[in-house]
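# got a predicted structure here, sequence first:
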Amino acid sequence: MQHEKVGSEYQKFTTKTGPFPDVLIDAWEKIWKMDSLDFGGRRKYIADFEIYDERAVDPESAAVDIYIGIDA
């Protein structure tokens with residue numbers, strides 16, 4: 001799973017490509033185990049969201065972006 005800091009308020013995580021919803025569940029399980037050092041800031045627990053774009057069209061080979069709100 002790749003991730004990058006987006007702006008100063010969200011950390012963006014990109015799931016691996018694979019069957020949906022397995023890739024999403026796997027990503028969230030990893031995110032729930034992370035701490036502030038992993039996020040680059042403390043989680044806000046206010047507005048996390050997922051982006052489903054053209055990479056999520058095929059349920060057998062999907063990828064999703066997850067944005068986690070943080071205090072940077």
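That came through, no problem.
# alpha carbons only for contacts and neighbour counts from here, please
Will do.
# may I see the buried residues of the lengthiest strand in the chain?
Longest among the strand segments of the chain by residue count, using DSSP state E, is strand 65-71. By neighbour count, with 16 or more other C-alpha atoms under 10 Å as the criterion, the buried positions of strand 65-71 are 65, 66, 67, 68, 69, 70.
# so how far is residue 50 from the fourth one?
Between residue 68 and residue 50 the computed distance is 9 Å (C-alpha to C-alpha, to the nearest Å).
# next, show the common contact partners of those two.
Overlap of the contact sets of residue 68 and residue 50 (by C-alpha atoms under 8 Å, 6 or more residues apart in numbering) is empty.
# hang on, the earlier thing: for the buried residues of strand 65-71, which one is nearest residue 25?
Residue 25 lies nearest to residue 66 out of these, by C-alpha to C-alpha, at 11.3 Å.
# how about that closest one: what's its closest non-neighbour residue?
Residue nearest to residue 66 in three dimensions, not counting chain neighbours: residue 50, with 4.4 Å by C-alpha to C-alpha, 6 or more residues apart in numbering.
# so who does that neighbour touch?
Here residue 50 is in contact with 64, 65, 66, 67 (criterion: C-alpha under 8 Å, 6+ apart).
# which SSE is it in?
strand 49-51 (DSSP states H and E).
# what pairs with that strand, parallel or antiparallel?
Using DSSP bridges, strand 49-51 pairs in its sheet with strand 65-71 (antiparallel).
# contacts for the partner strand, please.
Outside strand 65-71, the residues that touch it by C-alpha under 8 Å, 6+ apart are 8-15, 39-52.
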